[in-house]
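J.: using only what follows, build the 3D model:
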Amino acid sequence: MPHDYTSRIIWTGNTGEGTAHYRAYARTWDIAVPGKPVVHCSNDPVLGGDPGKMNPEDLLLSALSACHMLWYLHYASDAGLVVTAYEDAPVGRGELGRGGAGRFVSAELRPLVTVAPGTDLGAAEAIHHRIHEVCFIARSVNFPVTYAPRFQIAA
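T.: Got it, this is the predicted structure:
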């Protein structure tokens, strides 16, 4: 069943001259989705952006990781596997082509999953490899996504 997602992007980088010339404006904007906190963003620091703000690449990699996590927790719950903590430190690899046009060439998710004592770690790992079939974000990207999960047993 089709459904829509909406967002509002508001450029905040007019420093007084608009786009009169390339250095006249900042590459900053806000993401303003009604009813949610505003996210202040900037261009990738490699391209002169503010390293203290989220950029499109950060947002894409974070969305990919979060989607994977949510499906993992769902499948773990269905399988009777108790997850007590989950964190990820994903790495997206990009490349710049001629003229500065870039793209992601791969992403590796590196979740650290804390599970209850007695958990079948083989079953816990197998879940990671099923998620790409259902994760909305992973199914939408055109680059390979791999997984390097680690597990620890809850104290």
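
J.: what's the single longest strand in this structure?
T.: When the chain is parsed with DSSP state E, its longest strand is strand 102-109.

J.: quick one: list the elements packing against that one.
T.: Judged by 3 or more Cβ pairs under 8 Å, 6 or more residues apart in numbering; DSSP states H and E, strand 102-109 is in contact with helix 56-79, strand 91-96, strand 145-147. Quick note: C-beta positions are derived from backbone N, CA and C, even for glycine.

J.: what pairs with the second one, and is each one parallel or antiparallel?
T.: The reference is to strand 91-96. strand 102-109 (antiparallel) (DSSP bridges).

J.: contact partners of the partner strand?
T.: Outside of strand 102-109, the residues within contact range by Cβ atoms under 8 Å, 6 or more residues apart in numbering are 44, 57, 60-61, 64-65, 68, 88, 90-97, 128, 141, 143-149.

J.: stretch 130-141 now?
T.: Stretch 130-141 is contacted by residues 60, 63-64, 66-68, 71-72, 75, 104, 107, 145 when judged by Cβ under 8 Å, 6+ apart.

J.: nearest to residue 34 among these?
T.: Using Cβ to Cβ, residue 63 comes nearest to residue 34 of those, at 18.9 Å.

J.: okay, now the closest one: neighbour count?
T.: 16 (other Cβ atoms under 10 Å).

J.: next one: residue 136
T.: Neighbour tally, residue 136, other Cβ under 10 Å: 12.

J.: next one: residue 50
T.: 16.

J.: how is the protein carved up into domains?
T.: Domains of the chain are assigned by automatic domain parsing as 9-47, 56-153.

J.: residue 1: which of these is closest?
T.: The minimum distance between residue 1 and the domains of the chain falls on domain 56-153, with 13.1 Å, by Cβ to Cβ.

J.: redo the helices and strands packed on strand 102-109 as JSON lines? Include distance to residue 124 and mean pLDDT.
T.: As requested, the helices and strands packed on strand 102-109 are arranged in JSON lines below (distance: least, Cβ to Cβ, whole Å; pLDDT from 0 to 100):
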{"stretch": "helix 56-79", "distance to residue 124": "7", "mean pLDDT": "97"}
{"stretch": "strand 91-96", "distance to residue 124": "22", "mean pLDDT": "94"}
{"stretch": "strand 145-147", "distance to residue 124": "12", "mean pLDDT": "95"}
